[in-house]
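S.K.: need the 3D shape of this:
(chains A and B)
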Amino acid sequence: MAPILVHIALIAYAAGAAAFLTWLVRPRPVLARAGRVLLLVGVIVHFGAFAASLGVAGAGLGVSAWKGGQLFSLLAAVTVAGYLVLDFKYELPVAGAFVAPFTVAVMVPAHLVQSGSRAIAPEITHSLALFVHVGAAALGTAVLALAFGLSILYLFSEKQVKSKRPGRLFARLPSLDLLDRASYRLAVWGFVFLSLAIATGSLVSQEATGSTFPIAPKQGFAVLAWALFAALIQARLVAGWRGRRVAVLVVAGFVLLIGTYVGLLTAAPVLQGTIA
Amino acid sequence: MTFLCVGLSHKQAPIAVREQLAVRGEDVGERVRQIKALPGVSEALLVSTCNRLEIFAVAESRAAGEDVLESLGAVAAPHAVCRFDDEALRHLFRVAASLDSMVVGEAQILGQVKEAAAIAQQAGALGPELSKALARATTAAKRVRTETEIARGAVSVSSVAVQLAHKLLGSLEGRSVLLLGAGEMAQLAARELRSAGARELLVANRNPQHAEALAREVDGVPVSLAELPSLLERADVAICSTGAAQHVVTREMVARSLKARRYRAIFFVDLTLPRNVEPSANELENVYVYDLDDLERMAAQNRDLRAAHVGKAEDIVENELKSYLSAVRERRSVPVLARLRAHAEALARAEAEKTLASLHGLDEKQQKTVRAMAAAIVNKLLHGPTSRLRAEAGQGPLGDAAAALFGLDAEQPQQAQVQEPAATVAPRPETKGEGSVLPLLRNG
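M.R.: I've put the predicted structure just below:
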């Protein structure tokens, strides 16, 4: 990836984070607007960097090496893009105050710290399944990260309403109903992408190792997270679950998903080659 | 020219006086026309709300304040306050920013001031000075609203309840509100919820006749209290104010309704003592119970929060006022400079022509040199005074002194072909950068 473009994107994200955090203290509309614009600029430049790197790679799908930081960089870009879509629909500057610093926190180790390339097994360097798998995994994780953020906000806000002693941030928080609906919708989308990532992941695994579903921590966490989100959606549709218990389940599901990434980073060399 | 404000508010006059003086909306235009017709008054604005009756005017001198006060009538005289110049402008800015309101930070006053301005405009009573002052006062008020927390948070029990309903349920469009009992505060809260978009208002009472009467009054649907369990499955907000001695809504009743509600949130607003809703129902998931104490405590917190931001709001108003006054003074100082220069240049030109007429045989270049010399003398002579007058920006005594020393009366600019209108260059004997408040106490 073009380092200069990534650095520009990082600076825009950091400035956006500063604008949103200042908005938390001083809720001037201009600060929220500035935060949105900066994140938008950052994400455009960031995707530009990805496009440039694909251009350098030539064949697009033909990637033979993957730097450890690139996956996190992609995650950060997709999370910001997802947030901007969410904000456009629901107007959630308070979520921006969490998403933007989170993005910076993910981007800094991903790009400012040197990370070594991981070789991809030659059998799958041109695999469409690998391309879809990485894309779906990144989209699913980003969407579920947003659902996780909104669920945390829900739990925080709900606690304040229940205790009847609202703090300073209370006035900036959206309604509980909105947080509940938005995080559930995101959880549904996250579940769809996660399903796609698992399905294509087993194809990639089949191509690379001959095993459709190797037993490893990464796969185990992914399936557990998938099962939990499936149960959550079922409970909502059938029994009408909503509110606190749904928020807790979304948080738990996302924590399991993080386990998948921990599993990825600690995976055996053969599986490392498959990226995900 | 003097900017004046004559009037009274809840701070000076009790409600009995204010209700006698209140001007009905349809009469404001006529009243403001009458005020503008008073001797010496060139512009006028009348702000009449439940808490205040204020006249802002631009007049030739402070003497006009007496006539404006008289126009308010004998009832107003013992309570009314007259403010002049900076103080009057400061009052206008503070009123628009809701710093002079009974509930500091309330949102209505800015709209009322704007409405008064629109009426004055239609009545032909609003001129350039008042318009500019109003525009700046509006800017200050908007800054106060966006840059401080002075308007944040509801400060009455019923509005806190409505705000909480929004916080829990988001938009109230299509929501169902259940009104248990007929307490006055509950009716007020129910009406506010209805006007916020609630789809239906279910009115339940022990006495069916009372339920029907109240339902007619608040545009609701009468229902039987015996249906309470099924009503709890339907309502999103329940406002309780029955005179029952024990809990009308029990925790068990609410718990039973939850499954049928598919865990939709329900907000209980309990406005009576003894309480109608069992307090432990608040522990149930997606159930929120607020009683009178909870709501009053939140209202008090919001009032404290607003009070804590008053200082910052006052600073914003003061900064805007200072900047506005400085602009006004600079605007007013320019005519003196223009008149001084035009006067001097006219004299120089006349003297140069007289000299040229007496000197025969000068060629064109030599004549030009004589004229340039006269102009250069004027420029050098006026350089110092011009710099000092500009630096003073109309805030010191030099402007008036220059006008007096050089005999620059209002008619001169026209003679000297200066574009400034005569009305704007009249001397301001009473303004020396200070305003004043003058309570006028009269007996009848």
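S.K.: how many neighbours does whichever residue of chain B sits closest to chain A have?
M.R.: Residue nearest to chain A within chain B (Cβ to the nearest Cβ): B:R262, separated by 2.6 Å. The C-beta positions use only the backbone N, C-alpha and C, and glycine is treated the same way. Close neighbours of B:R262, defined as other Cβ atoms under 10 Å in any protein chain shown, add up to 14.
S.K.: against which helices or strands is the helix or strand where B:S387 lies packed?
M.R.: Applying DSSP states H and E as the criterion places B:S387 in helix B:364-392. Helix B:364-392 sits against helix B:310-358, helix B:398-405, with contacts defined as 3 or more Cβ pairs under 8 Å, 6 or more residues apart in numbering or on different chains; DSSP states H and E.
S.K.: of all those helices, which one is nearest B:V32?
M.R.: When the helices and strands packed on helix B:364-392 are compared for distance to B:V32 using Cβ to Cβ, the nearest one is helix B:310-358, at 22.6 Å.
S.K.: next one: phi and psi at B:T272?
M.R.: When read as degrees, to the nearest 10, the backbone of B:T272 gives phi -130, psi 170.
S.K.: hmm, it is touching B:G181, no?
M.R.: Yes. Checked against Cβ atoms under 8 Å, the pair B:T272 and B:G181 is within contact range at 6.9 Å.
S.K.: shared neighbours of those two, anything?
M.R.: B:C240, B:S241, B:T242, B:G243 (Cβ atoms under 8 Å, 6 or more residues apart in numbering or on different chains).
S.K.: anything in stretch A:91-99 near chain B?
M.R.: No. Stretch A:91-99 is not in contact with chain B by Cβ under 8 Å from any Cβ of the partner chain; minimum separation 11.7 Å.
S.K.: what residues does that stretch touch?
M.R.: Counting by Cβ under 8 Å, 6+ apart, A:16-17, A:20-21, A:23-24, A:32, A:35-36, A:39, A:79-80, A:83, A:86-87, A:146, A:149-150, A:152-153, A:169, A:172-174, A:182 sit against stretch A:91-99.
S.K.: okay, and which of these map to strands?
M.R.: Using DSSP state E, no member of these falls within strands.
S.K.: about what we covered before: just want the angle from the helix holding B:S387 to helix B:310-358.
M.R.: 160 degrees (axes from the mean of the first three to the mean of the last three Cα atoms, to 10 degrees).
S.K.: so how far is helix B:364-392 off the chain centroid?
M.R.: 48 Å (Cα atoms, centre = their mean, to the nearest Å).
S.K.: over to stretch B:65-84?
M.R.: 21 Å.
S.K.: would you put the C-alpha positions of it in CSV?
M.R.: Coordinates of each C-alpha in stretch B:65-84 appear next as CSV, following Å, rounded to 0.1, in the frame of the first residue of the first chain:
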residue,chain,number,x,y,z
GLY,B,65,-38.6,57.8,27.1
GLU,B,66,-41.1,59.8,29.2
ASP,B,67,-43.7,59.7,26.3
VAL,B,68,-43.1,56.1,25.7
LEU,B,69,-43.7,55.4,29.4
GLU,B,70,-46.8,57.4,29.4
SER,B,71,-48.1,55.4,26.5
LEU,B,72,-48.0,52.3,28.7
GLY,B,73,-50.5,53.8,31.1
ALA,B,74,-50.8,54.6,34.7
VAL,B,75,-50.8,50.9,35.8
ALA,B,76,-47.3,50.4,34.4
ALA,B,77,-45.7,53.5,35.7
PRO,B,78,-44.8,52.4,39.2
HIS,B,79,-43.2,49.3,37.9
ALA,B,80,-41.6,50.2,34.6
VAL,B,81,-37.9,50.7,34.0
CYS,B,82,-36.3,52.9,31.4
ARG,B,83,-33.0,51.9,30.0
PHE,B,84,-30.9,54.0,27.6
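S.K.: domain boundaries for chain A, per the record?
M.R.: Domain assignment for chain A by automatic domain parsing gives A:1-116, A:120-276.
S.K.: want to throw those into TSV with mean pLDDT?
M.R.: Formatted as TSV, the domains of chain A follow (pLDDT from 0 to 100):
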stretch	mean pLDDT
domain A:1-116	81
domain A:120-276	84
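S.K.: so how do I select the buried members of the contacts of stretch A:91-99 in ChimeraX?
M.R.: Per 16 or more other Cβ atoms under 10 Å in any protein chain shown, the buried members of the contacts of stretch A:91-99 correspond to this ChimeraX selection:
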select /A:16,17,20,21,23,24,32,35,36,39,79,80,83,86,87,146,149,150,152,153,172,173,174,182
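S.K.: also near chain B: which of the contacts of stretch A:91-99, exactly?
M.R.: A:L173, A:P174.
S.K.: so of the contacts of stretch A:91-99, which ones are in helices?
M.R.: Those of the contacts of stretch A:91-99 mapping onto helices are A:16-17, A:20-21, A:23-24, A:32, A:35-36, A:39, A:79-80, A:83, A:86-87, A:146, A:149-150, A:152-153, A:182, per DSSP state H.
S.K.: can you give me the strands in chain A?
M.R.: A:65-67, A:117-119.
S.K.: tell me where the stretch 1-150 of chain B is predicted with low confidence.
M.R.: Across the stretch 1-150 of chain B, nothing is flagged by pLDDT under 70.
S.K.: tell me where it has helices.
M.R.: B:15-21, B:28-36, B:64-72, B:85-96, B:108-122, B:128-147 (DSSP state H, counting those that start in this stretch).
S.K.: I figured B:A151 hits B:V104, correct?
M.R.: No. With contacts defined as Cβ under 8 Å, B:A151 does not count as touching B:V104, sitting 9.0 Å away.
S.K.: so what's in contact with the two at the same time?
M.R.: Contacts common to B:A151 and B:V104, judged by Cβ under 8 Å, 6+ apart, are B:S98, B:R306.
S.K.: flag every residue of chain A that's near chain B.
M.R.: So far as Cβ under 8 Å from any Cβ goes, chain A lies against chain B at A:26, A:28-29, A:157, A:161-162, A:164, A:166, A:170-171, A:173-178, A:239-245.
S.K.: show the buried residues in the residues you listed.
M.R.: If we count by 16+ other Cβ under 10 Å, the residues of chain A next to chain B have these buried: A:157, A:161, A:164, A:166, A:173-178, A:241-244.
S.K.: let's have the helices and strands packed on helix B:364-392 in JSON lines, adding distance to B:L46.
M.R.: Converted to JSON lines, the helices and strands packed on helix B:364-392 look like this (distance: least, Cβ to Cβ, whole Å):
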{"stretch": "helix B:310-358", "distance to B:L46": "21"}
{"stretch": "helix B:398-405", "distance to B:L46": "32"}
